[in-house]
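J.: Generate a structure from the sequence data that follows.
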Amino acid sequence: MLPSRFSALPVAAAAPLVALVLGLCAGSAPAQPSVEFAPRIGANIATVASDADAGLSRKTSLMGGIAVRIQIPGPVSLQPELLVSPKGTEVSAPEGGDVRFSATYVELPVMLRGDLPPIRGTVTPFVQGGGYAAVKMFEQQSVGGLSGQLPLDFDQSFYRRFDGGLTAGIGAAVDRLAVTARYSYGLVETVQDDIGPTFEDNPDQRPPEDGSSAVWTLSVSFGF
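T.: Alright, predicted model coming up:
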């Protein structure tokens with residue numbers, strides 16, 4: 001069961017972000033704001049930020065989804081996204097048999113994007129920043145050639161059901177193609193307090209007992 005001080009945070013963080021999106025859409029309806037949609041695809045380079053020295057390394061996975069850009073006055077626009085966002089890490093075992101943890105989240109980032117002056121008239125650099133909320137859909141643990149998908153309510157899960165935090169990045173757009181590099185950091189502890197892999201090949205390996213998600217995302221979008 002999730003500790004009360006963690007479980008409510010991502011949901012509480014998501015509510016004002018969603019309300020902001022809906023409010024801007026509703027309030028700007030008479031002016032017919034420019035709304036653009038773009039598919040987004042890329043890679044997550046994820047790990048767990050923890051104070052524990054647990055031999056953590058990064059895990060790379062494909063991500064993707066849809067981005068929406070709502071133009072507001074000036075060079076600033078609102079950019080919510082709906083993404084399938086895998087996260088994970090690998091824990092090095094003292095005597096071999098590294099344990100790999102991965103979880104797939106449905107993630108809702110909501111950001112402000114600011115366009116900078118064009119370079120040579122064709123390349124538009126931009127910066128973006130905001131927050132995100134996410135809910136876990138499934139999780140997998142593996143050791144060597146053995147792997148298993150865990151039920152959402154399984155008490156041996158490595159990742160908690162909810163995540164949320166801050167995200168910021170930079171990018172550049174050419175015509176309707178944009179490349180973005182973004183970093184997301186969880187503000188809640190996404191790691192369970194007292195769990196461990198259940199594989200017989202590696203019974204003594206312990207992952208960190210605390211930690212937040214930390215993800216670099218490199219992606220391409222087609223549309224804006």
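J.: Who is residue 108 paired with across the strands?
T.: Note on residue 108: beta-bridge partners by DSSP bridges are residue 133.
J.: Thought residue 79 was touching it, still the case?
T.: No - using C-beta atoms under 8 Å, residue 108 is not in contact with residue 79; the gap is 11.6 Å. (Each C-beta comes from the backbone N, C-alpha and C, glycine too.)
J.: got the residue ranges for the strands in the protein?
T.: Ranges of strands in the chain, per DSSP state E, are 35-49, 56-57, 59-71, 76-91, 99-115, 123-143, 146-150, 162-174, 177-186, 212-222.
J.: how many other residues sit next to residue 74?
T.: Neighbour count for residue 74, taken as other C-beta atoms under 10 Å: 8.
J.: Out of the strands of the chain, which gets the lowest mean score?
T.: If the strands of the chain are sorted by mean pLDDT, strand 146-150 sits at the bottom with a mean of 64.
J.: Was I right to think residue 47 contacts residue 89?
T.: Yes - with contact defined as C-beta under 8 Å, residue 47 reaches residue 89; the gap is 4.7 Å.
J.: what's the overlap in contacts for the two?
T.: Common contact partners of residue 47 and residue 89 (C-beta atoms under 8 Å, 6 or more residues apart in numbering): 56-59.
J.: Contact partners for residue 218?
T.: Residue 218 touches 42-43, 45, 179-181, counting by C-beta under 8 Å, 6+ apart.
J.: and these, which are buried?
T.: 42, 45, 180 (16 or more other C-beta atoms under 10 Å).
J.: just curious, which of those is nearest to residue 132?
T.: When the buried ones among the contacts of residue 218 are ranked by distance to residue 132 (C-beta to C-beta), residue 180 comes first, at 14.1 Å.
J.: The closest one and residue 171 touch, don't they?
T.: Yes - with contact taken as C-beta under 8 Å, residue 180 and residue 171 are classed as touching, separated by 3.6 Å.
J.: what residues are shared contacts of the two?
T.: Common neighbours of residue 180 and residue 171 (C-beta under 8 Å, 6+ apart) are residue 128.
J.: Which of the contacts of residue 218 sits closest to residue 68?
T.: Out of the contacts of residue 218, the member with the shortest distance to residue 68 (by C-beta to C-beta) is residue 180, at 14.5 Å.
J.: How about residue 125: which residues does it bridge to?
T.: Going by DSSP bridges, residue 125 forms beta bridges with residue 172.
J.: Could you check how far it is from residue 166?
T.: Note on residue 125: its distance to residue 166, by C-beta to C-beta, to the nearest Å, is 21 Å.
J.: With residue 110 instead?
T.: Residue 110 is 11 Å from residue 166, by C-beta to C-beta.
J.: Need the overlap of contacts for those two.
T.: Contacts common to residue 110 and residue 166, judged by C-beta under 8 Å, 6+ apart, are 130-132.
J.: Just send those residues back as TSV, with neighbour count too.
T.: Output for these, formatted as TSV (neighbours: other C-beta atoms under 10 Å):
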residue	neighbour count
130	19
131	20
132	30
